[in-house]
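>>> Please find the sequence and the predicted model below.
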Amino acid sequence: MPDPVFKSGFVTIVGRTNVGKSTLLNSMLGQKITIMSDKPQTTRHKIQCVLTGQDYQIVFIDTPGIHKPKHKLGEHMVGVALNTLREVDVVLLLVEAAMPGPGDRYMLEQLKKVTGPVLLAINKIDLVKPGDLVPIIAAFQQAGNFAEIVPVSALTGENVSRLKQIIIDYLPEGPQYYPGDVVVDRPERFIMAELIREKVLHLTSQEVPHSVAVVVEEVEQRNQDMVAVRAVIYTERESQKGILIGKGGRMLKEVGQRARQEMEALLGSRIFLELWVKVKKDWRNRDIDMRNFGLLEE
């Protein structure tokens, strides 16, 4: 009998900010790897997440959302997202279940340069009536050249398995790039820092979230059951520092408690988490600061 075919390849997920890219990726992976928030521009990095099955391996590239940048960090984030279009076997465009807007049309224009298959996933179908999907699908069919169009709900999981199988169908035959137990190409420190930043996004007002960077400075195995983690939350203004600390330190304590719970689930160990807040003025426009925070990547 012939050897079974193994399919593998790289799939980039692109779309406007806040369309649910990280939620969809976590749903396909079956576990939380990338942070989620209802605030736009949550994802700052290009993160490779790996889904391995018996006869396939998908290397997903979760990218920052496409948006109009307001500072150097934003320009870098958009550049990272657009550059991945040239590097992958399949492009997955994620949009919301609504008629195409200016942001969608900008993305569709960028995708005209892609030579490989482009799949369209229309997300958040749980928020619209089934009859309203028909004109939305028709509008996107007319606006772009898609190999497949799949309506999904990343939140409820509806049609996510079907989308995953369609992605596999479009992958070429290839090797297994990562060991079967690898799910993300980032070290644990990176995931820890992102979990802390996610809690800041969830708990703070519009004034704070995108001025925040988190650096895990130290991880120490205290004993078999305890890992000590020291992290610094950087922000741009003293007023934001006050908001992050909160009255009597309550906000910082809440951020720490929520992040610690997810870190313990990630590592399978008890975590002693120590958080500090420091001000680094205008860091999002300073290359040296962004590089020190691990945000400027080639």
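It's in.
>>> For the stretch 51-200 of the chain, which segments count as strands?
For the stretch 51-200 of the chain, the strands defined by DSSP state E, counting those that start in this stretch occupy 56-62, 90-96, 118-123, 148-151.
>>> Which residues does the last one contact?
In this case it means strand 148-151. 97, 119-122, 125, 133, 137, 140-141, 159, 162-163, 166, 170 (C-beta atoms under 8 Å, 6 or more residues apart in numbering). Every residue, glycine included, has its C-beta placed from N, CA and C.
>>> Count the neighbours of Val183 for me.
The number of residues packed around Val183, counting by other C-beta atoms under 10 Å, is 15.
>>> Can you tell me the closest non-neighbouring residue to it?
Of all residues not flanking Val183 in the chain, Val50 sits nearest, at 5.6 Å (C-beta to C-beta, 6 or more residues apart in numbering).
>>> Would you list the buried entries among the contacts of strand 148-151?
Ala97, Leu119, Leu120, Ala121, Ile122, Ile125, Phe140, Asn159, Leu163, Ile166, Tyr170 (16 or more other C-beta atoms under 10 Å).
>>> Identify, from the residues you listed, the entry nearest to Arg270.
For the buried ones among the contacts of strand 148-151, the residue nearest Arg270 by C-beta to C-beta is Leu163; the value is 37.3 Å.
>>> hang on, that closest one packs against Val152?
Yes - under the criterion of C-beta atoms under 8 Å, Leu163 makes contact with Val152 at 5.5 Å.
>>> Now do the shared contacts for those two.
Counting by C-beta under 8 Å, 6+ apart, the residues touching both Leu163 and Val152 are Ala121.
>>> Distance check, Val200 against Gly15.
Distance, Val200 to Gly15, by C-beta to C-beta, to the nearest Å: 23 Å.
>>> Let me see the domain layout of this protein.
Here the domain parsing of the chain from automatic domain parsing is 7-170, 188-292.
>>> Tell me which of the ones you listed sits nearest to Pro179.
Of all the domains of the chain, domain 7-170 comes closest under C-beta to C-beta, at 8.3 Å.
>>> Quick one: low-confidence residue ranges for the stretch 51-200 of the chain.
For the stretch 51-200 of the chain, residues meeting the criterion pLDDT under 70 lie at 63-86, 185-186.
>>> What ranges does it have for its helices?
Applying DSSP state H, counting those that start in this stretch to the stretch 51-200 of the chain gives helices spanning 72-83, 102-111, 130-143, 160-170, 188-203.
>>> right, and the helix or strand after the longest one?
For helix 188-203, the following helix or strand on the C-terminal side (DSSP states H and E) is strand 213-223.
>>> Sheet partners, orientation included, of the helix or strand following that next one?
Using DSSP H and E, the next helix or strand after strand 213-223 towards the C-terminus is strand 226-235. If you go by DSSP bridges, strand 226-235 pairs up with strand 213-223 (antiparallel), strand 270-279 (parallel).
>>> Would you mark the buried spots in the longest one?
Going by neighbour count (16+ other C-beta under 10 Å), the buried part of strand 213-223 is Ala213, Val214, Val215, Val216, Val219.
>>> Could you pull out the buried residues of stretch 17-25?
Of the residues in stretch 17-25, those buried (16+ other C-beta under 10 Å) are Thr17, Asn18, Val19, Gly20, Lys21, Ser22, Thr23, Leu24, Leu25.
>>> now the last one, what's its secondary structure?
Secondary structure, DSSP: H, G, I helix; E, B strand; the rest coil: Leu25 is helix.
>>> Mind listing residues that contact the longest helix along the chain?
Determined from DSSP state H, the single longest helix within the chain is helix 250-267. For helix 250-267, contacts defined as C-beta under 8 Å, 6+ apart pick out 32, 188, 191-192, 195-196, 198-200, 202-204, 227, 229, 233, 243-246, 270-271, 273, 275, 277.
>>> Make a PyMOL selection of the buried ones in the residues you listed.
Remark: buried members of those, expressed as a PyMOL selection using 16+ other C-beta under 10 Å:
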select buried, resi 32+191+192+195+196+198+199+200+202+203+204+227+229+233+243+244+245+271+273+275+277
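>>> pretty sure Glu217 is touching Ile233, no?
No - proximity of Glu217 to Ile233 does not meet the contact threshold set by C-beta under 8 Å, at 11.2 Å.
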